[in-house]
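Asks: Quick one: sequence and predicted model below, then my questions.
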Protein chains: 2
Amino acid sequence: MSSLEPSPAVPVPVADDGDALHFCSTCAFSAACMAEGYDKSALHSLHCLVEHEGPLAAGTHLFREGDPFQSIAAVRAGTVKTYVVDEEGGEQVHGFFLPGEVIGLSAIHGERYPCNAVALDTVTICRFSFPMLATLATRMPGLQRHLFRLLSQDIGKAALLAGDFSADQRVAAFLVALSRRYAARGFSPTRFNLTMSRGDIASYLRLAPETVSRVFRRMADEGLLHVDRREVEFLEPARMLDLARPVLRGG
Amino acid sequence: MSSLEPSPAVPVPVADDGDALHFCSTCAFSAACMAEGYDKSALHSLHCLVEHEGPLAAGTHLFREGDPFQSIAAVRAGTVKTYVVDEEGGEQVHGFFLPGEVIGLSAIHGERYPCNAVALDTVTICRFSFPMLATLATRMPGLQRHLFRLLSQDIGKAALLAGDFSADQRVAAFLVALSRRYAARGFSPTRFNLTMSRGDIASYLRLAPETVSRVFRRMADEGLLHVDRREVEFLEPARMLDLARPVLRGG
DNA sequence: CGCTCAATTGATGGACGTCAAGTAGCGTGG
DNA sequence: CCACGCTACTTGACGTCCATCAATTGAGCG
């Protein structure tokens, strides 16, 4: 979309251990499970329960709060935002999902999705029927372990933003986390493009949009960051990381 | 310990569907899995990987941050607090675990526990070797599903306190959540005993201890709550719930 | 009885939310 | 191509909630 989106023209998927529910080009899970030497029929089942979907235009909902839960989804391209609407009609952003990340895990324990998921830009995903995935996991310990880890990881992530941190720390942590996630996908860790609005960021960080704006300005004034519209560049990654460290704590 | 702890002398374990990793009297998991008609050898394995532990005195650590992760634990009696220590030496409380609740799920994705766990009063637990549990889950889909649900549930819970709520709302939500958890174990939902200090509550809710104290007083003044030392009683459960609702959102 | 530590209560200040006005992109239509 | 209007964003002024600091009370315990 923008000239900045991926800095290398071709993304370089890194095969990081065990975290392989993310790239659908060869079709998700395969990497995680192949490593364990599974029989062809199992892999075949895996391929069969995947449903590619998209491209979906920005604004399209993947699911809505209350929809019956039956599948989790891995983002292949674009950004997905999850949110809930409180009784006053306000939107509370729960998370952003970049390519390679998995949406819907928090729905497993209920019958229905607990939040809405909407595409922020043009998005393609793979859907996995969760019941089938679980059944398959029974035959593939590697897959089961992988799912356990994904779930467990999200518990930790959710706890991060719960702390009582300053607006600056929150914003820094948000940017550093984005940076790392882009880096893991082979994009530039120091220069990327925010696919979400200031309002979305603010809601996610539990700040006012005005505060996010002011923090960006302050960081720019101090030479920490270059911000222009939705394009950001770290000028001093180390200092940014120092700011974010208390929030991230080894994330 | 206190005259108030359990209001019925004998707790009444409720066999709520699928949520059975909690009562060790017949030994955890059995209920969840029996329902599915498993063979005796599987159940036998389940019993064998359980290690009863305790009673542990208040202040005893179940595990510490950085310890190698190998087991999760279900609380049988007492209260366990999990926390981390930030770089300034401050203690950040992550959660409280009552009888029937499971500790250590967030450790699964790493090699080590990400936090400390300490007994707040006299505690007994069951330890489950997680690798063995996972292996067993492979043969017992009911167990696997149960574990998935436990994990997924925790993701949702962690997100609750992340919202930007007032001190009153947070405290109300904390009390209501405790109330429900006690109720689920057969104790009085309107009158119980806080096993943790004001400081622990404050840290958990990301408030100052002084604020917690003031909120309690305000609630007492308004006739919402009776507080004496660590003993609390809801005087108007409905109003308390109204206060807490925005935070709990269907939890 | 006096020590100690948790809890309470009051006074003050700061960070951030709210309200309100102004600006800049950007698509649309004339 | 420019005017228009919309929306997102920015910037400033002000208010509020809660943290902080400090002093006091009260329980538990030797």
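Replies: Cool, got the structure. Numbers count the residues shown, from 1 in each chain, chains lettered A, B, ... in the order given.

Asks: Kindly provide the distance from A:Arg149 to chain B.
Replies: Look at A:Arg149 and chain B: by Cβ to the nearest Cβ, to the nearest Å, they are 4 Å apart. C-beta here means a position set from N, CA and C on the backbone, and glycine is covered the same way.

Asks: before we move on, what about A:Val84?
Replies: 7 Å.

Asks: On the three-state scheme, that residue is what?
Replies: strand (DSSP: H, G, I helix; E, B strand; the rest coil).

Asks: OK, contacts around the residue lying closest to A:Ala107 once chain neighbours are set aside?
Replies: Once flanking residues are discounted, A:Ala107 sits nearest to A:Phe69: 4.2 Å by Cβ to Cβ, 6 or more residues apart in numbering or on different chains. A:Phe69 is in contact with A:104, A:107-108, A:110-113, A:130, counting by Cβ atoms under 8 Å, 6 or more residues apart in numbering or on different chains.

Asks: What residues does chain A have near DNA strand C?
Replies: A:166-168, A:206-208, A:210-211, A:229 (Cβ under 7 Å from any atom of the strand).

Asks: Spell out, range by range, the strands that occur in the stretch 1-150 of chain A.
Replies: Using DSSP state E, counting those that start in this stretch, the strands of the stretch 1-150 of chain A run over A:50-56, A:61-63, A:71-77, A:80-85, A:91-97, A:102-103, A:116-119, A:123-129.

Asks: what's the average pLDDT for the shortest one?
Replies: Going back to what we said before, that points to strand A:102-103. For strand A:102-103, the mean pLDDT works out to 94.

Asks: Who does that strand pair with, and is each partner parallel or antiparallel?
Replies: strand A:71-77 (antiparallel) (DSSP bridges).

Asks: Other residues contacting the partner strand?
Replies: A:21-24, A:28, A:51-55, A:62, A:97-105, A:107-108, A:117, A:122-130, A:133.

Asks: interface residues of chain A facing DNA strand D?
Replies: A:164, A:197-199, A:209-210, A:212-214, A:216-217, A:227, A:230.

Asks: can you rerun that using 6 Å?
Replies: Within chain A, the residues that sit near DNA strand D (Cβ under 6 Å from any atom of the strand) are A:197-199, A:209-210, A:213-214, A:216-217.

Asks: Break chain A into its domains for me.
Replies: A:30-160, A:167-248 (automatic domain parsing).

Asks: how about the shortest one, does it reach chain B?
Replies: Yes - Domain A:167-248 reaches chain B (Cβ under 8 Å from any Cβ of the partner chain) through A:206, A:246.

Asks: for the record, mean pLDDT for that domain?
Replies: In this model, domain A:167-248 carries a mean pLDDT of 96.

Asks: so how far is the first residue of that domain from its last?
Replies: Chord length of domain A:167-248, first to last residue, is 14 Å (Cα to Cα, to the nearest Å).

Asks: Just give me how far stretch A:131-144 sits from the chain centre.
Replies: Averaging C-alpha positions (Cα atoms, centre = their mean, to the nearest Å) puts stretch A:131-144 23 Å from its chain's average.

Asks: As TSV, the strands of the stretch 1-150 of chain A with mean neighbour count would be great.
Replies: Listed next are the strands of the stretch 1-150 of chain A as TSV, based on neighbours: other Cβ atoms under 10 Å in any protein chain shown:
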stretch	mean neighbour count
strand A:50-56	15
strand A:61-63	20
strand A:71-77	21
strand A:80-85	20
strand A:91-97	19
strand A:102-103	22
strand A:116-119	22
strand A:123-129	22
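
Asks: rewinding a little: sitting in helices, which of the residues of chain A next to DNA strand D do you find?
Replies: The helices, defined by DSSP state H, take in A:198-199, A:209-210, A:213-214, A:216-217 from these.

Asks: Please identify which pair of the residues you listed lies farthest apart.
Replies: The largest distance within these, taken as Cβ to Cβ, falls between A:Gly199 and A:Arg217 and amounts to 16.4 Å.

Asks: Determine the set of other helices and strands touching the lengthiest helix in chain A.
Replies: Longest helix in chain A, counting residues (DSSP H): helix A:141-160. Helix A:141-160 is packed against helix A:30-34, helix A:130-139, helix B:130-139, helix B:141-160, with contacts defined by 3 or more Cβ pairs under 8 Å, 6 or more residues apart in numbering or on different chains; DSSP states H and E.

Asks: What's the mean pLDDT across the shortest one?
Replies: Read it as helix A:30-34. 44.

Asks: repeat for the last one
Replies: For helix B:141-160, the mean per-residue pLDDT is 86.

Asks: Just the buried ones from the ones in helices among the residues of chain A next to DNA strand D?
Replies: Buried members of those, counted by 16 or more other Cβ atoms under 10 Å in any protein chain shown: A:198, A:216.

Asks: Dump the ones in helices among the residues of chain A next to DNA strand D into a markdown table; add distance to B:Val176 as well.
Replies: Output for these, formatted as a markdown table (distance: Cβ to Cβ, whole Å):
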| residue | distance to B:Val176 |
| --- | --- |
| A:Arg198 | 34 |
| A:Gly199 | 30 |
| A:Pro209 | 31 |
| A:Glu210 | 32 |
| A:Ser213 | 36 |
| A:Arg214 | 35 |
| A:Phe216 | 38 |
| A:Arg217 | 40 |
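
Asks: on that earlier part again, looking at the contacts of A:Phe69, spot the one nearest DNA strand D.
Replies: A:Tyr113 (23.9 Å; Cβ to the nearest atom of the strand).

Asks: can you count the residues close to that closest one?
Replies: 22 (other Cβ atoms under 10 Å in any protein chain shown).

Asks: got it, and A:Leu248?
Replies: Counted with other Cβ under 10 Å, the neighbours of A:Leu248 add up to 16.

Asks: Over to A:Ser166?
Replies: 12.

Asks: if I look at it, how far off is A:Arg217?
Replies: Using Cβ to Cβ, to the nearest Å, one gets 15 Å for the distance from A:Ser166 to A:Arg217.

Asks: Same question for A:Phe148.
Replies: Taking Cβ to Cβ, one finds A:Phe148 at 43 Å from A:Arg217.

Asks: what's the closest non-adjacent residue to A:Leu62?
Replies: A:Ala117 (4.1 Å).

Asks: Looks like A:Arg112 contacts A:Arg64 (just checking).
Replies: No - counting by Cβ atoms under 8 Å, A:Arg112 does not reach A:Arg64; the two are 9.6 Å apart.

Asks: where along the stretch 151-251 of chain A do the strands fall?
Replies: Under DSSP E, counting those that start in this stretch, the stretch 151-251 of chain A gives strands at A:191-193, A:225-228, A:231-234.

Asks: Among those strands, show me which one is buried the most.
Replies: strand A:191-193 (a mean of 20; mean count of other Cβ atoms under 10 Å in any protein chain shown).

Asks: Could you name the helices and strands sitting against that one?
Replies: helix A:167-184, strand A:231-234.

Asks: Let me have the ones you listed in CSV, extended by distance to B:Glu236.
Replies: Shown next, in CSV, are the helices and strands packed on strand A:191-193 (distance: least, Cβ to Cβ, whole Å):
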stretch, distance to B:Glu236
helix A:167-184, 36
strand A:231-234, 49
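
Asks: check contacts around the residue nearest to A:Leu62.
Replies: Applying Cβ under 8 Å, 6+ apart to A:Ala117 gives the contacts A:61-64, A:73, A:80-82, A:97, A:103-104.

Asks: Check A:Val232 too.
Replies: A:175, A:191-194, A:225-226.

Asks: If it is in a bridge, with which residues?
Replies: Beta bridges link A:Val232 to A:Phe192, A:Val227 when assigned by DSSP bridges.
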